[in-house]
Structures are given as C-alpha cells and as structure tokens.
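*Asks:* Take a look and give me a structure for this.
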Amino acid sequence: MTDDQLSDAGSYKFGKFEKNAEELARLKMQATVAIGVERDLWKAAGLKPGMNVLDLACGPGFISCELARAVESGTVTGVDISEELIFTAQQAKASEKVQNVSFRIDNIYGLDQPESAFDFVYARFVFQHLEKPQLALQNILRVLKPGGVLCVLDIDDNWTSFAPESTAFVKFIRKAGAGQKRKGGNRLIGSQLFGLLTAAGFKNVSTKIQPLTTQDLGVKIFLGVAVLFRLEMLNKFQKLLALPQLKKIKAAAQAPDAWGSVGIFVTTGTKA
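*Replies:* Numbering: from 1, shown residues only. Next up is the predicted model:
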C-alpha cells in the first residue's frame, strides 16, 4: 500500500500531533472510560460470541481486545493505516493477554480482506474523518457476510454542549470543526449516517443516540476526551485565534456547576 493511499484516509493522522504521547494516552482513555456502555451498545447491535469481527481504524487496539473478549470463541481483526498504532496494538494484545485478536495495516478505502468474511464490522469514531464515506461503505459491504452487521459509532457537534462559557465552547468547537472539514473530515457526520448507510444499500438501518455527560465521565475526562484534542485540527495561526476560547473553557471547567454532554450516534445496518 502506497503512502498516497494511506494519506487518503482522512483528517486524523496519528504521528502528526505535536504531542503524540498525549494523544496516545487520550486514545486509551477514550477506549476505556465508558467501556461498560459500549459493551451494551455492541450487544444491542447484534454482537454475539463466535462471530468474526473487523475493527476498522482500530488505533492502539484497546477496543479490539475488548471485542475479542466479547466474542469469546470468535475472532477479531483490527486494521489501521498507522504502522505506529498497529505496533502499539500488538503490544496491547500481549499485555491484555488476548489470543483471538490480530492486527494489520489496511485502508478503509481499499480493504485487503476476503469477500463476505465478517459477521460484524465495527467503525468507532472513524467516519467523522473520512472524505469519502460512500467508498468506505462499499468496501465494508463487500467484506460483510450476507446478514452481517455494520455498527458505526460517531459524533455530531450539534449534539455537544458545555456550560458555563457556552459561547466560548461553541466558538471553539466550530473553529475546530471547520479545521477538520478543511482536512477532509466532518464533525456533523452522526446525523448523516442513516442516509449514508441507506444509500449504500444497507438494510434495517437504525440510528440511536447515546448521551454521555460530565456526570458520567467527570469534567476533566470529558474535556480531555471530547474537546481539547480538537486543537490539533487547526494550523498554528488558527490555534492562536482559538486559544482565548480554550482558556475560558478551561477556567469554566473549575466551576462547581460545570456540565457538558456529547451525543454518540450509534448507526447499524445489515447486508442483504
């Protein structure tokens, strides 16, 4: 797979962050902070023991390992375009002592996987980064077995809020959203997933919204997972312009009445 093909994957590029170690820590926190809720979402989507699962954009592999535990005698294949993240995922497999998971470099726009091979495909916070979601869905349909399930978890910034300093918060996430859009991403993808899956030919398409709030996560974790990393979607000049809003948000987070929420869009569809 060429570097040009790898660069097609969208607005998220691990290794290009100013502080990659901090981003890796954020990914781990994001994967583990609400894992109980996520397990329930998998079960509701149709994940069962014995299934063969593909975890798209698996990152450092923490979720892939949890999926492997959930399918028990089944198998999980985690794929990502980042060689560094796949290496980290291999380490996670060893440390988590999970045997029924494997990792490899692959691209969602040209999946090097057998046709009709998977019972369940999981795409967690990846579609928001894709410039060509329709192409990704075509590839996913090809590798799903008939009757297989695609489960997409993603975000829509219209369902993200924080107070006090709501005005500063809205300005910041809109600037970051515009920056991500310039990189090919879409922070409003959540509410569009139903239409995208339907147009791609998936059947039994359903979208539900799972709220997560600061009461679930804590204010510090909420900001770390859902907000602060967005600064990396901006160039240096744009970061300077966004810093005043970010400063106000951080100060507001110290207030005893600080509260925020994010809506996680859970969209599922099956292959006919």
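
*Asks:* When you work out contacts or count neighbours from here on, use the C-alpha atoms and nothing else.
*Replies:* Noted.

*Asks:* got a list of what the residue nearest to K220 when sequence neighbours are not counted touches?
*Replies:* Leaving out its chain neighbours, the residue that sits closest to K220 by CA to CA, 6 or more residues apart in numbering is A253, at 7.6 Å. By CA atoms under 8 Å, 6 or more residues apart in numbering, the residues touching A253 are 164, 219-220.

*Asks:* got those as a markdown table, with secondary structure, distance to F120 and pLDDT columns?
*Replies:* Shown next, in a markdown table, are the contacts of A253 (DSSP: H, G, I helix; E, B strand; the rest coil; distance: CA to CA, whole Å; pLDDT from 0 to 100):
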| residue | secondary structure | distance to F120 | pLDDT |
| --- | --- | --- | --- |
| P164 | coil | 41 | 96 |
| V219 | helix | 33 | 95 |
| K220 | helix | 33 | 91 |
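
*Asks:* and these, which are buried?
*Replies:* 164, 219 (16 or more other CA atoms under 10 Å).

*Asks:* Show me which of the contacts of A253 is closest to A94.
*Replies:* Using CA to CA, K220 comes nearest to A94 of the contacts of A253, at 29.7 Å.

*Asks:* just the helices in the stretch 101-250 of the chain please.
*Replies:* Ranges of helices in the stretch 101-250 of the chain, per DSSP state H, counting those that start in this stretch, are 133-143, 166-182, 193-200, 214-217, 219-226, 236-252.

*Asks:* What ranges in this protein fall below the confidence cut-off?
*Replies:* 1-27, 30 (pLDDT under 70).

*Asks:* For the spatially most central residue of it, which non-adjacent residue is spatially closest?
*Replies:* In the chain, the residue lying closest to the centroid (CA atoms, centre = their mean) is F125, at 1.6 Å. Leaving aside its chain neighbours, F125 sits nearest to D154 (4.7 Å; criterion: CA to CA, 6+ apart).

*Asks:* for that neighbour, what are its contacts?
*Replies:* By CA under 8 Å, 6+ apart, the neighbours of D154 are 124-128, 189-190, 264-266.

*Asks:* chain center to stretch 255-269, what's the gap?
*Replies:* 14 Å (CA atoms, centre = their mean, to the nearest Å).

*Asks:* before we move on, the earlier item: now do the phi/psi pair for the residue nearest to K220.
*Replies:* phi -70, psi -20 (degrees, to the nearest 10).
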